[in-house]
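1. Curious how this folds, go ahead:
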Amino acid sequence: MLLYLLFSTFPLLATLGISTTNWTIGADISFVGFRNYLQLLTDRRFLLSLGNIFVFVLVIVPVEIFFGLLISNMLTNKKMIGRNVFRVINFLPYLLIPAAAGVIFGQLFARQTGAVNKLLQALHLISEPIYWTGQTWPSRVLVILIVIWKYCGYTSLFFIAGITNIDRSIYEAAELDGVNARQKLFRITLPMLRPVMKFVGLTTTINTFQLFDELVMLFSTTNGVITVGGPSNAVLTPIWMMYDTAFNNVPRYGYAAAIAVSTFIVISIVSFVVGKLSGKES
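-> Below you'll find the model as predicted:
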């Protein structure tokens, strides 16, 4: 409890306190109340960052759950050859540090030299190379792809554990009653995985809200300059905006703390809604 108070509760309360000040480098700290929060309500950049993150959540969460279920069903099938090897391979992307993942995808999706553009051109799907990190929607698609690739193995791990814990006698009884594979999936597996789906939905939502490392590495130029928020702030997230506000040329710690607290409140509300939509665990 003491460790929790020291490393969790105290920083949270300290951030809340800082958010009510105008703390900047080279200026006196003074109390401003809720002025930073009122400014956030009209800050177009912050509202855009929330819009971006909601787009990511609405796409990434359902896709990760779908592929997590698909992969877990394959990797729990006793007829699959070498399934233990594939379980390890499936989890490897999650072990890769976010910064490294950002660098790898940045190389793969490079405009002129990237393997993805060359493959799409070879298949005659595009005539000109796509500027993945320089256009609004291609950059968003790129972020979605890297997140899904990195976290699908992590998601499927929970579904594998859930499927493994289902009593096999239930399936055996269903087979005696003539239930086919599709009916077993929708009548037995999915209903019994409901608590796992709820957990995965919540954790995936929270992880998506915390996107930062991959984005910074993806949108770094060759000379080390970072395009904050990507093209036209298309991939700007609240966490990235908070970091940029706190550590740019003119640091504004009070305003950055207000962004952090506001993001925490939004995540709490969204998590509550996702939990309610997921239903009870029974």
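
2. CA atoms for contacts and neighbours, from now on please.
-> Noted.

3. which element is the residue nearest the centre of the chain on?
-> Most central in the chain under CA atoms, centre = their mean is Thr208, positioned 2.2 Å from the mean C-alpha point. For Thr208, the host element (DSSP states H and E) is helix 194-209.

4. And whatever helix or strand comes next after that helix, what's buried?
-> Following helix 194-209 in sequence order, the next helix or strand is helix 213-218 (DSSP H and E). For helix 213-218, the buried set under the neighbour-count rule, 16 or more other CA atoms under 10 Å, comprises Glu214, Leu215, Val216, Met217, Leu218.

5. In contact with the residue lying closest to Ala234 once chain neighbours are set aside, which residues?
-> Nearest non-adjacent residue to Ala234, counting by CA to CA, 6 or more residues apart in numbering: Thr136, 5.3 Å away. Taking CA atoms under 8 Å, 6 or more residues apart in numbering, we find Thr136 in contact with Gly230, Pro231, Ser232, Ala234, Val235.

6. before we move on, what about Asn117?
-> Phe109, Ala110, Arg111, Pro129, Ile130.

7. any idea whether the third one is helix, strand or coil?
-> Following DSSP: H, G, I helix; E, B strand; the rest coil, Arg111 is assigned to coil.

8. Look up the closest residue to it, ignoring the ones flanking it.
-> Nearest non-adjacent residue to Arg111 (CA to CA, 6+ apart): Tyr131, at 5.1 Å.

9. residues near the one you found, how many?
-> 15 (other CA atoms under 10 Å).

10. lowest-pLDDT helix or strand in this structure?
-> helix 181-184 (a mean of 82; mean pLDDT, DSSP states H and E).

11. Figure out how far that helix is from the centre of its chain.
-> Taking CA atoms, centre = their mean, to the nearest Å, one finds helix 181-184 lying 31 Å from the centre of the chain it belongs to.

12. could you point out which element follows that helix?
-> Helix 181-184 is succeeded, C-terminally, by helix 190-192 (DSSP H and E).

13. contacting residues around that next one?
-> By CA under 8 Å, 6+ apart, the residues outside helix 190-192 that reach it are Ile166.

14. can you start the count at 30 instead of 1 from here on
-> Okay, residue one is now 30; in that scheme the one you just asked about reads as helix 219-221.

15. How far does it sit from its chain's centre?
-> The answer for helix 219-221 is 24 Å, by CA atoms, centre = their mean.

16. which parts of it are buried?
-> Leu219, Met221.

17. OK, contacts around Gly131?
-> Contacts of Gly131 by CA under 8 Å, 6+ apart are Ile175, Asp242, Glu243, Leu244, Val245, Met246, Leu247.

18. Going by secondary structure, it is in what exactly?
-> Assigned by DSSP H and E, Gly131 falls in helix 127-137.

19. who's in contact with stretch 44-54?
-> By CA under 8 Å, 6+ apart, stretch 44-54 touches 58-65, 279-287, 289-290.

20. In it, which residues are buried?
-> Thr44, Leu45, Ile47, Ser48, Thr49, Thr50, Asn51, Trp52, Thr53.

21. Let me know the next secondary structure element after whatever helix or strand the first one lives in.
-> Under DSSP H and E, the secondary-structure element containing Thr44 is helix 39-47. In the C-terminal direction, the helix or strand that comes right after helix 39-47 (DSSP H and E) is helix 64-70.
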